[in-house]
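> prediction below, plus the sequence it came from.
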Amino acid sequence: MQYSDDDLNDYENEPYDDDEFIEEDLTKEELDELYTLLPLIKAKLKDHNPNITDRDFKEALWFNYMVVDDAVKELKQNFSMYKSCKRLMAETLRIVDPKEILIGGSSKLAMLAKSRRAKRNNETGDTSDSSRAHSGLDNLLSKNVDTKGTSSLLDDIDLDTQPKFSLKSFKNDEKPKKSQLKEHSQQAKDIKLEDPTPTKEHSPIEKDEIIEENMIPFRMIQLKFEDAHRSIIVNTPQSAISALFETTREPKRRKTSLDSTILTLINSSLTNIDIEKVKANFSKPNPVDVLANEPKSAVTKKSEASEASKESEKPETVQEKLQKLTIKHTKPLKSLDINAAINKRESQNISFVVFGHVDSGKSTIIGRLLYDLKVVDSKTLHKLTKESSSIGKGSFALAWIMDQTSEERERGVTIDICQTSFNYKNKQFTIIDSPGHQDFIPQMINGVCQADIAVLIVDSSDFAKTFNHGQTKEQLRIAKSLNLNKLIVVVNKMDLCDWNIDQYDKIVEAMQSYLFEDLQYRHEDCQFIPASGLNGDNVVKGRGNSVPLVDLLYHENKVKELRPIAEQKLIMTIIDVEDQAHDNLTLKVRVNSGFVQAGETVKLLPSFDFCRINKILKSNEPQDICIAGEFVVLKMKVVKSIEEKSLIRLGDLCVSIDDEVPISSNLRIEIHLFDMDKPLLKGTPFVLFRNNVSVPARITEIEQIMNSQKKKVPRHLSSRQRAIVSVTIENKLPIITWEEKVRRIVIRKDSSIIGAGQIIEAL
Amino acid sequence: MKLLSQSFDKDSSGVVVLVPEDKEDLWAVYNLIAKDDEVQLTTVRYVKKPGKESSKAKQEKKIVNLRIQVENVDFSPIDEIMRIKGRTRTQNDDVPLNSYHTAELQYNHKFSLFKSDWDQVAYDIITKSCSVEEKAELGAVVLQEGVAHICLITDSLTVLRAKVEKSIPKKRRGDNSAYDKAYTKFLDSTIDTMLRNLDYVKLKAIVLASPGFVADNLLSKLFQKAAKDNNKDLLAAKSKFIVTHSSTGYLQGLEEAFHNPELQKKLSDTKYAREISVLDDFFKILNLDDGRAWYGPDECDKALEIGGAIRHLLLTDSLFRSDSISQRKKYIQIAETVKAQGGDVSILSSLHDSGKQLDELTGVAVILNYPILDLDE
């Protein structure tokens, strides 16, 4: 039963699980802190449980960010839990097969001690001790008397080595060597004799360890891979321990999962249910017994067993993978008064999207706004003016502030949304420029999803044509459908008609009838203002006595209702992936609801990456917290992930790690159809927009048409119908129904918006 | 496909000998072979080496000629593989009678097809696929910023050959290099994938469809590259590339691209373009809801009874693939009646998106000459 040091080294050289505490990896400062706190925490827990090792103390401190009280709490919890397990184990041991299990435990412990000792002796060159390490249990028991031995033993049985050795030694006791079994049972009796009357101070320690080690492998194997463990047993010939080690090493992936589950078991407090489970597992027939019944067939079963182990390697589902992960809440870096912080920030921030028909002057108005507010200096504008004149587009200079790409400048249209922030009278504004061209409606929808207020720009010189045939109506419909209820209509290019007030009134009238009657906007939510973006009238500087656009926005910011952010669940939408290198992510997000603080851990969906937020940046300034409505850049580190390499996409969501969000490609939606030139059938492809993602989708089932008299539910939907339908989408999306903005959808087919609605549930 | 010989008896049973040549032919054969037909072909079978009785005897690959009574036919258009499964009808030294065999249909190898009842539709399939007319194959790239779909369109198939996906960062005020870099890279990898998957020398045309300017950019980048690499074949094929508009870069944009009148004019002789325009007409009339467009077998039966009412009958080929002989017969009957009454009949391929959509509407639809209300009651 001797095994070589090489085998041991193999195990020791294996990389640790990510989540483990590794003293060697700490920085010097961290170590200093650790060792100053160590005596403190030791003193606190002296009376509680003498079994806690130095390592436990250190680990607890580390995972609780060096806060002594928290660490004490955790340790108390964990170690009292061990006690209850001990009691439970004692019971089950008696019920099931006390001999077998005790043999397993003791021989294992003995093995461990022996091997460690042997190794150390070899290192120190002290051979005298090795002779004592011959017979496992005897040796161990004698060691128990000697305090020195015990303490070294305790040092040996570290938590992190536990899974490996427990698994190994668990298999030791499978060996169907009869003489050995006898020997062991003899030893077991010895233990039994000693157990009831623990006269020595150290014996309970040992018992604790035995039980702990025993319990974990059993639970593990029964929960995780009965097949695999059978194969290991079967593969074990009479004496070849080294061969046994090979088989253990083979399923590497599984082994790491063992580690993590054990950590789960140890770190998290065991609930009653868990204890019940353990109980149940132990009341099942011991797999060892089952196998001992057919030792002869063991060899021929080899191939079968290897097949079985193959089978157990089949790809795991997301659910299974998730079950294996334990994600801990991490504490914010700073403790803040949440309500005060939220109130302070929320009263400041507002975002608005600027949309309208092509060439109505959206980008120019925004450029004017930024220039007059001195966000853009005259030097930059001068440069842009020169550049734009050189290609014969002098009037585009202001628009080029927002239109950055060479393509946008060349073609003179905005292609993608562009955000920028500015301050005005101590309030913060985020401005989103959106493209007006029909082809870029998806980008415009993206912009609408990120805004609180809509600003529509209409061209006074070309109103009739652009309003009746252009994108204005469609865009308004999108904004309204996506729950953007506040609207400011800017009638632009008033300089072209010499500020003709009649023309302005006519436009307002036409707009109003459409807004109030067709789209059901409320009167008090709509405001109208004439302006000239090119000359800067009524943008920042009021013309005559009229209130300029920027003051309307300021007013909106001032009177907006404060939302109960502190009670909201966190939802953040990823609007840009700035950097994704290994585990470090730099994401630009909009916080849809709730708040998050730097230092907390969040969950990215649908990729299931768990990330700790290291830094929150707003306009390149580090922040402690970000709240609903804000645009921030998050620097995060991926802590755990179910895929090795996951792709974070625009439109992915980020929520608190406790929130269960279904990920699905089948949804039930409520849809309201607009005017279409073709019916929408089961199977007709269309594009579904949700928040800032778009996915190809098809209807799979028309469940109900709300405003139809026909008895039979047809296979197609026509214009202006309201219906409940099931749809299937090409990619899986995280489905959140508790936040209005993330729930609303619009659907688009062949260059036009054909319907809007909301997600009812994931199927 | 080549037709080597044919012989029919008076009871319309008979045999044809065919040689499939491309995946289009496989699709035709797939539509042709029904359950209980018999197929005779050369195929590979694993045969136990004679002499050894034990179970460990080695198996030997042997080429055998078998006649199979068809139970099941599988077709995968992407892999271009068709498998015919059934029981053997002839005895052989190696293969006993009535043993199961699955044969793979090989290109350029002849096979015989025995049918107990040849009908007009089946015979039309053979005539059509054996016509010497050049088969029109199109390539298409549907794309938008960040995603591109590269597909191949034949008369009866749309095959998605590759999909290119790339995450492109958003434009930013100030520094745009990340966006430019990612966008260029996306176009480059789309071009590479496209050239790998589409044979521009052989294809009749290659359609590039996108919202905005992405397709334009792709085309100009493609020919910059061609000029740089001095790729003469590609430069010569320049006229084959057609840039058109679609509102999305997802695969559904393909159908929309074919609505472009300019494109339809150029490709009017392709079956795919015709199918799209027929279905489009149907949908337009259906949306008017004026009683001139109906779908569903019962509705079509009623319209047929009226006589002369049907202007255009639309069917999908999946109806004729039905295992139920009576159903197949019924639709053949309907098709022939409509033709006799002076109406048009279109059979849409269920491997195109247009056919898939019609399949969702029961697979049968009619456009009437005049409104008839309440056909569904």
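Right, received. Where do you want to start?

> quick one: the helices in chain B?
Listed from the start of the chain, chain B has helices (DSSP state H) covering B:23-32, B:120-130, B:177-197, B:214-229, B:232-236, B:253-257, B:261-266, B:271-288, B:297-306, B:325-340, B:353-360.

> quick one, phi psi at residue A:599?
The main-chain torsion angles of residue A:599 are listed as degrees, to the nearest 10 and equal phi 100, psi -20.

> pretty sure it contacts residue A:335?
No: the pair formed by residue A:599 and residue A:335 falls short of the contact definition of CB atoms under 8 Å, at 9.9 Å. Placement of C-beta: from N, CA and C, glycine included.

> between the two, tell me which one has more neighbours.
The neighbour count for residue A:599 versus residue A:335, taken as other CB atoms under 10 Å in any protein chain shown, is higher for residue A:599 (18 against 10).

> helix/strand/coil for residue A:502?
Residue A:502 falls in the helix class when you classify it by DSSP: H, G, I helix; E, B strand; the rest coil.

> actually residue A:42, not the one I typed
Using three-state DSSP, the structure places residue A:42 in helix.

> any idea which element the closest residue to it other than its chain neighbours lies in?
Spatially, and ignoring its direct neighbours in sequence, residue A:42 is nearest to residue A:57 (6.2 Å; CB to CB, 6 or more residues apart in numbering or on different chains). For residue A:57, the enclosing helix or strand under DSSP states H and E is helix A:54-63.

> buried sites along that helix?
With burial defined by 16 or more other CB atoms under 10 Å in any protein chain shown, the residues of helix A:54-63 counted as buried are A:55, A:56, A:57, A:58, A:59, A:60, A:61, A:62, A:63.

> where's the fourth one relative to chain B, distance?
Read it as residue A:58. Here the criterion is CB to the nearest CB, to the nearest Å. By it, residue A:58 lies 41 Å from chain B.

> excluding its backbone neighbours, what's nearest that residue?
Nearest residue to residue A:58, sequence neighbours excluded (CB to CB, 6+ apart): residue A:34, at 5.9 Å.

> quick one: average pLDDT of stretch B:356-371?
Mean per-residue pLDDT for stretch B:356-371: 87.

> next, the residue of chain A at minimum distance from chain B: phi, psi?
Distances between chain A and chain B by CB to the nearest CB are smallest at residue A:683, namely 3.2 Å. Per-residue torsions, residue A:683: phi 90, psi -10 (degrees, to the nearest 10).

> could you list the low-pLDDT ranges of the chain?
Picking chain A for this. A:1-28, A:44-52, A:75-319, A:323-325, A:346-347, A:708-713 (pLDDT under 70).

> the chain in question should be chain B.
Residues of chain B that meet the criterion pLDDT under 70 lie in B:50-57, B:132-136, B:173-174, B:376-377.

> what does it put close to chain A?
Counting by CB under 8 Å from any CB of the partner chain, the residues of chain B lying close to chain A are B:144, B:167, B:169-174, B:176, B:178-180, B:211-213, B:217, B:245, B:247-248, B:250-252, B:255-256, B:259, B:280, B:283-284, B:286-287, B:289, B:295, B:353, B:356-357, B:359-362, B:376.

> sec struct for residue A:388, please.
Reducing the assignment to helix, strand or coil with three-state DSSP, the entry for residue A:388 is helix.

> in the stretch 51-200 of chain B, what residue lies closest to chain A?
Of the stretch 51-200 of chain B, the residue with the smallest distance to chain A, taken as CB to the nearest CB, is residue B:170 at 4.5 Å.

> so which strand or helix has the closest residue in space to that residue that isn't next to it in sequence?
Taking CB to CB, 6+ apart, and ignoring the residues beside it in sequence, residue B:170 has residue A:576 as its nearest neighbour in space, at 4.5 Å. Using DSSP H and E, the secondary-structure element containing residue A:576 is strand A:571-581.

> and residue A:450, what are its phi and psi?
phi -100, psi 0.

> would you confirm that it contacts residue A:575?
Yes: Residue A:450 sits in contact with residue A:575 when judged by CB under 8 Å, with a separation of 6.6 Å.

> pull up the overlap in contacts between the two.
When contacts are counted by CB atoms under 8 Å, 6 or more residues apart in numbering or on different chains, the set common to residue A:450 and residue A:575 consists of A:590, A:631, A:692.

> and which of these is nearest residue B:326?
Using CB to CB, residue A:692 is the member of the shared contacts of residue A:450 and residue A:575 that sits closest to residue B:326, with 52.5 Å.

> OK, contacts around that closest one?
Residue A:692 neighbours (CB under 8 Å, 6+ apart): A:445, A:446, A:449, A:450, A:573, A:575, A:650, A:651.

> could you do residue A:407 as well?
Neighbour list for residue A:407: A:415, B:213, B:217 [criterion: CB under 8 Å, 6+ apart].

> partner residues bridging residue A:667?
Listed beta-bridge partners, residue A:667: residue A:727, residue A:762 (assigned using DSSP bridges).

> can you give me every residue that contacts it?
Taking CB under 8 Å, 6+ apart as the test, what residue A:667 contacts is A:726, A:727, A:728, A:729, A:733, A:735, A:759, A:760, A:761, A:762, A:763.

> one step back: now the residue of the stretch 51-200 of chain B closest to chain A, what are its backbone angles?
Here is the backbone geometry of residue B:170 (degrees, to the nearest 10): phi -80, psi 160.

> follow-up on the earlier one: the nearest residue to the residue of chain A closest to chain B once chain neighbours are set aside: how many residues sit nearby?
By the measure of CB to CB, 6+ apart, the closest residue to residue A:683 outside its immediate chain neighbours is residue B:360, 3.2 Å from it. Residue B:360: 19 surrounding residues under other CB under 10 Å.

> my read: residue B:360 touches residue A:680, true?
No: under the criterion of CB under 8 Å, residue B:360 is not in contact with residue A:680, lying 11.1 Å apart.

> give me the number of residues near the residue nearest to residue A:665 when sequence neighbours are not counted?
Closest residue to residue A:665 apart from its sequence neighbours, by CB to CB, 6+ apart: residue A:732 at 4.7 Å. Around residue A:732 there are 16 other residues, counting by other CB under 10 Å.
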